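[1] Okay, sequence plus prediction incoming.
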Amino acid sequence: MKTIMSKLFTVKNSEDEERLQRGGNSDWMSRLPEELLDVPLWNLAIPGSHDSMSFCLDVSSPVLRSEPCFLRVTDRLFPCWTRPCVSRWATTQQSVLSDQCDLGVRFLDLRIARKPAGGSKLFFAHGIYTLMTVKEALDELATWLDAHPKEIVIISCSHFESLTDEDHVGLVEFIIALFGKKLCSSQETPTLRSCWSRGQQVVVSYDDQQMVLQHPELWTGIPYWYADSPDPKKVIAYLEDQKRRGRPAGFYVSGLNLTEDIPYVLLHPLQNMRKMTMRALSLLLRWASEQQPGGEVGGVNILCCDFVGLSQFCSLAIDLNYKLLAARPVCRTPRAPSSDVIGGCHSNRTRYQT
C-alpha cells in the first residue's frame with residue numbers, strides 16, 4: 001500500500017509542478033496519466049461552473065417571467081432597485097467561458113432564454129438576462145477548443161426560457177454547424193483516448209427530449225444534485241444522502257453551490273452571492289477533497305461551484321482523479337440509460353438547479 005500511495009503522490013506532485021510551469025489547468029486532461037485515458041468521462045472527477053454565464057447579467061433587462069410573482073411585481077414598480085438586487089444574488093461567476101476553461105472548468109451550465117425585445121437572438125439568464133448572446137459565447141468556446149485539441153468540454157443547455165420550437169431548431173442547427181465533428185455522439189462511451197482518436201471535444205447535453213430524439217449528437221439532460229439551501233452544512237448533508245441512494249450510471253453533477261431565498265436576502269441586505277459563497281467555501285471544498293471519483297456507490301463525477309476563479313476549486317477537483325490510481329483496477333462502466341443507478345434503485349429524477 002505504501003508503494004502505491006508513494007507512486008500516487010509522486011505523480012501528483014510532478015503534475016502540480018508542471019501545472020505551475022504551464023500557468024494553470026488549461027490542458028489538464030491531456031496531462032492525465034496513461035492509466036486514466038480509457039476511463040469513461042462519467043467516472044472521472046470534472047470541475048464545472050454553476051450558472052456559467054451569470055458574469056454578464058444585464059441590469060437593464062426585466063426579471064424573468066418564471067421568477068416568483070412577488071419579484072415580478074416588484075420589478076414593475078421599482079426596477080431601479082429590483083434589478084441590481086437580483087444581479088447581486090444571481091451573479092455566480094466572474095469571467096468569460098475561455099477564462100473558466102483555462103482555470104480547468106470542463107462542465108458549463110448554460111441556461112438559455114429568449115429576451116423580451118431581443119429580436120431573434122438568444123441569450124442566457126439567471127434571474128435576469130445576460131448581455132452576451134448564445135452565439136457570441138459558443139463562438140468564443142469554439143475558438144478556445146481549437147487552441148486546446150485534447151480538452152473535452154461538457155455543455156449543459158437547459159431551462160430554455162420562452163424559447164419556441166423554431167428557436168430550438170435554430171439553436172441545435174447552430175450548435176451542430178459550429179462544433180461539427182468535435183461533437184461526441186450520445187451512442188458512444190466517451191473516454192479521453194476515444195475522443196482524441198476521433199477528434200471529439202464537445203458533449204452537448206440538451207434538456208429537451210424532443211430535440212434529443214431527433215439528433216444523436218445531443219445527450220439527455222444531466223442530473224444536477226443541489227440542496228436548495230444557503231447553509232453549507234445542509235448542502236453537504238443533502239449530497240451525502242444522495243450518494244447513499246446511489247449515483248446515476250452516466251454523467252451527473254454534485255452542486256457545491258448555495259441558494260438564497262427571499263427571507264435570507266431581506267435578513268442580509270449588505271450581503272451578496274459572492275460574500276455568502278466565500279464564507280462557506282472552505283467547508284464545501286473540504287468535503288469535496290474527501291470525495292472519490294469512479295463508478296462505485298458514492299463516486300463523484302462533475303463537481304460544480306460558484307466563483308470558480310476565487311479558490312483552488314478546479315485544481316482540487318482535478319486532483320481527485322489521482323485517487324483512481326491507488327484504487328486500480330479502475331471501474332469502467334458500460335453505457336447505460338441515464339435513469340439507471342449504480343448501487344441502488346434511486347431514480348435520476350433529482351432536482352435541477354433553478
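    On my side now, so go ahead.

[2] do you know how far the nearest residue to Leu258 once chain neighbours are set aside is from Asn257?
    Sequence neighbours aside, Pro230 is the residue nearest to Leu258 in space, at 5.1 Å (criterion: Cβ to Cβ, 6 or more residues apart in numbering). All C-beta atoms are positioned from the backbone trio N, CA, C, and that covers glycine. Distance of Pro230 to Asn257, computed by Cβ to Cβ, to the nearest Å: 10 Å.

[3] in this protein, what spans have low per-residue confidence?
    Residues of the chain meeting the criterion pLDDT under 70: 1-23, 327-354.

[4] Now do the helices in this structure.
    Counting by DSSP state H, the chain has helices at residues 2-22, 69-77, 79-90, 97-103, 134-147, 165-179, 192-198, 209-214, 232-245, 262-267, 273-289, 313-319, 323-326.

[5] quick one on the thing from earlier: looking at Pro230 and Asn257 now, which is surrounded by more residues?
    Asn257 (24 against 20; other Cβ atoms under 10 Å).

[6] Which residue, other than its chain neighbours, is closest to that one?
    In this structure, Asn257 finds its nearest non-sequential neighbour in His50, 4.3 Å apart by Cβ to Cβ, 6+ apart.

[7] Same question for Cys85.
    Nearest non-adjacent residue to Cys85, counting by Cβ to Cβ, 6+ apart: Val265, 7.3 Å away.

[8] Now do the end-to-end distance for stretch 158-173.
    16 Å (Cα to Cα, to the nearest Å).

[9] Repeat that for stretch 216-233.
    40 Å.

[10] Flag every buried residue along that stretch.
    217-227, 229-230, 232 (16 or more other Cβ atoms under 10 Å).

[11] try stretch 237-252
    Under the neighbour-count criterion of 16+ other Cβ under 10 Å, stretch 237-252 has Tyr238, Leu239, Gln242, Lys243, Gly246, Arg247, Pro248, Ala249, Gly250, Phe251, Tyr252 buried.

[12] How about stretch 314-327?
    By neighbour count on 16+ other Cβ under 10 Å, the buried set for stretch 314-327 is Cys314, Ser315, Leu316, Ala317, Ile318, Asp319, Leu320, Asn321, Tyr322, Leu324, Leu325.

[13] Tabulate those (CSV), appending distance to Ser54.
    As requested, these are exported to CSV (distance: Cβ to Cβ, whole Å):
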residue, distance to Ser54
Cys314, 17
Ser315, 22
Leu316, 22
Ala317, 20
Ile318, 23
Asp319, 26
Leu320, 25
Asn321, 27
Tyr322, 31
Leu324, 32
Leu325, 35
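
[14] Out of the residues you listed, flag the one nearest to Gly294.
    Leu324 (6.1 Å; Cβ to Cβ).

[15] For the closest one, which residues are in contact?
    Neighbour list for Leu324: Glu35, Leu36, Val39, Asn43, Leu44, Pro293, Gly294, Val330 [criterion: Cβ atoms under 8 Å, 6 or more residues apart in numbering].

[16] So the residue nearest to Asn257 sits against Asp306, correct?
    Yes - when contacts are counted by Cβ atoms under 8 Å, His50 is listed as touching Asp306 (5.3 Å).

[17] Now for those two: what residues contact both?
    Thr92, Gln93, Leu256, Asn257.

[18] Measure how far stretch 230-250 is from the centre of its chain, please.
    With Cα atoms, centre = their mean, to the nearest Å as the basis, stretch 230-250 stands 16 Å off its chain's centre.

[19] ok so, going back, closest to Phe55 among the shared contacts of His50 and Asp306?
    Among those, Gln93 lies closest to Phe55 (Cβ to Cβ), at 4.5 Å.

[20] ok, and the closest non-adjacent residue to that closest one?
    In space, Gln93 is closest to Phe55, 4.5 Å off (Cβ to Cβ, 6+ apart).

[21] what does Asp261 give?
    In space, Asp261 is closest to Pro230, 7.2 Å off (Cβ to Cβ, 6+ apart).

[22] and if you look at Leu310?
    Nearest one to Leu310, counting by Cβ to Cβ, 6+ apart, is Met278 at 6.8 Å.

[23] thinking that neighbour is in contact with Cys305, fair?
    No - between Met278 and Cys305 there is no contact under Cβ under 8 Å: 11.5 Å.

[24] Neighbour count: the two, which is higher?
    More crowded of Met278 and Cys305, by other Cβ under 10 Å: Cys305, with 27 against 13.

[25] hang on, isn't the more buried one packed against Gln312?
    No - judged on Cβ under 8 Å, Cys305 makes no contact with Gln312 at a distance of 10.7 Å.

[26] Need the contact partners of stretch 136-145.
    53, 96-98, 101-102, 108, 110, 124, 151, 153, 155, 174-175, 178-179, 182, 201-202.

[27] contacting residues around the residue nearest to His159 when sequence neighbours are not counted?
    The spatially closest residue to His159, leaving aside those adjacent along the chain, is Arg111, at 4.2 Å (Cβ to Cβ, 6+ apart). Contacts for Arg111 (Cβ under 8 Å, 6+ apart) come out as Asp51, Met53, Phe124, Ala125, His126, Ser158, His159, Glu161.
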